[in-house]
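Student: Got a predicted structure here, sequence first:
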Amino acid sequence: MRILGLVKPKTFERALGLILVLNIVDAALTAAWVSTGIATEGNPVMAAALEHGFGPFVLGKVALVGLGVGLLYRYREERFARLALIPAALLYSFVIGNHFGIGVMVSGLV
């Protein structure tokens, strides 16, 4: 069965898994950039968690995204869940692209 006629269920599940992985990469890179003073956390909710340390920040970030992914997986047969995957994937593409850009600037390539 295809989701919206475009995505196979396995592809949907893999995309959710990729979001979880990218979330962990985002948390690690954010912690690295913030701890070295290169950047600040742009999300006000996560910035507040970061004020309590990197442990609460990473735990909160992984928990919140994990709950969101779990919700999408739970309702994976519903149209809204399949459609919600699109902005989530685009958001993480943007976030990882931003980290890549910071890394390029820090390394002196640009």
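Tutor: Right, received. Where do you want to start? What you see is a predicted model; the values in this text were computed from it and never measured.

Student: Of all residues in the chain, which one is nearest the centre?
Tutor: Computing the C-alpha centroid of the chain and ranking residues by C-alpha atoms, centre = their mean puts Asn23 first, at 3.4 Å.

Student: This structure: helices as residue ranges?
Tutor: If DSSP state H is used as the criterion, the helices of the chain fall at 9-35, 44-50, 54-74, 79-107.

Student: coming back round to it: identify the residues contacting the residue nearest to the centre of the chain.
Tutor: Asn23 is in contact with 61-62, 65-66, 92, counting by C-beta atoms under 8 Å, 6 or more residues apart in numbering. (Each C-beta comes from the backbone N, C-alpha and C, glycine too.)

Student: still on that earlier bit, save the helices of the chain as JSON lines, and put in mean pLDDT too.
Tutor: Below are the helices of the chain laid out as JSON lines (pLDDT from 0 to 100):
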{"stretch": "helix 9-35", "mean pLDDT": "93"}
{"stretch": "helix 44-50", "mean pLDDT": "92"}
{"stretch": "helix 54-74", "mean pLDDT": "95"}
{"stretch": "helix 79-107", "mean pLDDT": "91"}
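
Student: if we can go back for a sec, from the contacts of Asn23, keep the buried residues only.
Tutor: In the contacts of Asn23, burial by neighbour count holds for 61, 65, 92, counting by 16 or more other C-beta atoms under 10 Å.

Student: roughly how far apart are the first one and Val45?
Tutor: In this view, Lys61 and Val45 are 9 Å apart by C-beta to C-beta, to the nearest Å.

Student: quick one: which of the contacts of Asn23 is nearest Thr30?
Tutor: Lys61 (8.1 Å; C-beta to C-beta).
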